[in-house]
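What shape does this take:
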Amino acid sequence: MEVINAIGRRKRAIARIYLSEGKGQITINKRELDNYFPAATLQYVVKQPLELLGVAGEFDIKVNLDGGGVKGQAEALRLAISRALVKINAESKPALKAKGFLTRDPRVVERKKPGRPKARKRFQFSKR
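Numbering: from 1, shown residues only. Sure, this is the predicted structure:
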């Protein structure tokens with residue numbers, strides 16, 4: 001099997017993954033998964049699509065993660081893994097879609113507007 005690549009985004013986080021046959025090794029920015037995401041909840045989020053399809057120990061995943069916070073990075077990685085698994089086997093798409101793993105969360109920070117302190121906040125109004 002050749003290397004399958006996919007991309008996942010969430011807020012400012014971008015995950016580029018390279019998925020190949022292997023023993024279930026997940027390497028993020030040249031570090032192990034449990035080293036990069038010490039929190040068990042974030043490790044769980046990353047592994048959700050693999051465990052849903054029962055292929056947790058079948059693929060090695062090499063990841064380039066950039067931007068955002070830890071939660072956004074974990075969810076971007078989950079989306080990228082889900083997209084790569086669909087590229088390998090299109091029949092897994094309905095199961096992943098039902099759990100919401102293929103949905104790109106479009107919420108990002110709104111830009112700051114000129115003449116205001118933040119995106120929507122206004123300076124205190126004074127009548128006189």
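
okay, CA-based contacts and neighbour counts for the rest of this
Fine.

Tell me how far the longest helix seen in the chain lies from the chain's centre.
Ranked by residue count and defined by DSSP state H, the top helix of the chain is helix 70-88. Computed by C-alpha atoms, centre = their mean, to the nearest Å, the chain-centroid distance of helix 70-88 equals 4 Å.

how about it: buried residues?
For helix 70-88, burial by neighbour count (16 or more other C-alpha atoms under 10 Å) applies to 71-85.

And the helices in this structure?
33-36, 40-53, 70-88, 93-99.

okay but Lys112 is in contact with Arg122, surely?
No: look at Lys112 against Arg122 with C-alpha atoms under 8 Å: they stay out of range, at 11.2 Å.

Quick check: which ranges of this structure have low pLDDT?
The model of the chain has pLDDT under 70 over residues 1.

go with 90
Along the chain, segments meeting pLDDT under 90 span 1-3, 22, 24, 54-58, 89, 128.

got the contact list for Asn89?
Residues near Asn89 by C-alpha atoms under 8 Å, 6 or more residues apart in numbering: none.
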